[in-house]
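A.B. asks: Fold the following, please.
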Amino acid sequence: MTTSTFTRDRALARGGPFAWRAVDLVTAAILGVAFGVAFLGWDYLLNTPWSTLTAGFPPASSLALGVWLLPAVVGALVICRPGAALFVEMIAALLEFWLGNPWGAGVLISGLLQGLGVEVAFALFRWRGWRLPHAVLAGVLAAVFEIVLYEWWSYAAEYAWGWKIAVLAFSVISGALVAGVGGHYLVRALARAGALRSFPPGAELAAAPEDPTYDAFPAAR
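C.D. replies: Here you go, the predicted structure:
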């Protein structure tokens with residue numbers, strides 16, 4: 001395998017980053033609904049056991065935050081356009097709100113902040129950086145936006161600053177690993193399954209040489 005395999009440019013969105021297509025909107029909506037349903041599964045099946053598991057040190061519960069950041073990261077990596085992260089995250093948050101959840105309307109604030117954090121990360125690279133490091137940065141910024149701008153003053157308002165910093169640290173770790181790394185490899189799996197032929201990840205994979213070791217999603221540009 002040549003070095004160029006790991007440095008070739010990622011295929012960009014058709015028509016430029018701002019040229020949204022109908023298929024982009026429909027796919028983003030489908031992703032949002034799918035993640036919204038998944039959120040409900042976590043809210044009612046896994047959240048209580050997770051809270052019990054981390055009851056000895058409540059800030060550790062923030063290690064699960066990356067689950068809620070996934071829609072924004074995956075949406076951005078699939079659509080590769082400004083606004084995709086926010087669109088997908090807000091669809092998921094709206095569905096979670098409408099169908100009921102333990103946090104009420106707070107999930108809408110969280111969805112907005114998480115989506116904006118991911119948007120900022122990809123905007124820093126002018127919507128041309130879609131590799132693993134960019135996805136990790138997106139997960140980290142989404143976590144920072146969520147915790148610093150909202151959770152420190154709501155769910156963690158009574159915590160001492162030591163615990164608040166711990167909440168931020170656990171959230172950043174989860175954002176980087178669950179949302180960033182996890183989102184990257186989820187999109188890669190979808191592309192390899194043939195589900196993203198109309199999008200940059202699928203287009204890049206289709207253009208790859210017939211080499212079983214070829215990686216159309218290298219870690220860095």
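
A.B. asks: Any figure for the gap between the residue lying closest to Arg192 once chain neighbours are set aside and Gly129?
C.D. replies: Distances taken as CB to CB, 6 or more residues apart in numbering place Leu205 nearest to Arg192, at 6.6 Å, with adjacent residues excluded. In this view, the C-beta of every residue, glycine as well, is placed from N, C-alpha and C. Noted for Leu205: a distance of 18 Å to Gly129, by CB to CB, to the nearest Å.

A.B. asks: ok, back up a step: phi, psi of the residue nearest to Arg192?
C.D. replies: phi -60, psi -40 (degrees, to the nearest 10).

A.B. asks: End to end on stretch 57-67, go ahead and measure it.
C.D. replies: For stretch 57-67, the first and last residues are 20 Å from each other (CA to CA, to the nearest Å).

A.B. asks: Hmm, I typed the wrong one, I wanted stretch 150-163.
C.D. replies: End-to-end distance for stretch 150-163: 15 Å, by CA to CA.

A.B. asks: can you list contacts of it?
C.D. replies: Around stretch 150-163, the neighbours that count as contacts under CB atoms under 8 Å, 6 or more residues apart in numbering are Pro58, Pro59, Gly106, Ile109, Ser110, Leu113, Ile147, Lys164, Val167, Leu168, Ser171.

A.B. asks: dump the residue contacts of the residue nearest the centre of the chain.
C.D. replies: Closest residue to the average C-alpha location of the chain: Val73 at 2.4 Å, with CA atoms, centre = their mean. By CB under 8 Å, 6+ apart, Val73 lies in contact with Ala85, Val118, Ala135, Ala138, Gly139, Ala142, Ala179, Gly180, Gly183, His184.

A.B. asks: if we go to 10 Å?
C.D. replies: By CB atoms under 10 Å, 6 or more residues apart in numbering, the contact list for Val73 reads 66, 85, 88-89, 114-115, 117-118, 121-122, 134-136, 138-139, 142, 175, 178-184, 186-187.

A.B. asks: Can you show me the helices along the chain?
C.D. replies: Chain-ordered helices for the chain, with DSSP state H as the definition, fall at 22-41, 47-53, 66-79, 84-99, 106-123, 132-149, 161-174, 182-192, 200-206.

A.B. asks: Next one: Leu95 relative to Gly41, how far apart?
C.D. replies: 12 Å.

A.B. asks: Which one of those two is surrounded by more residues?
C.D. replies: Leu95 (21 against 10; other CB atoms under 10 Å).

A.B. asks: What about the residue lying closest to that one once chain neighbours are set aside, how many residues nearby?
C.D. replies: Excluding the flanking residues, the one nearest Leu95 by CB to CB, 6+ apart is Gly36, at 3.0 Å. For Gly36, the count of nearby residues is 25 (other CB under 10 Å).

A.B. asks: List the residues that contact Gly36.
C.D. replies: Counting by CB under 10 Å, 6+ apart, the residues that Gly36 touches are 71, 88-99, 101, 107, 111.
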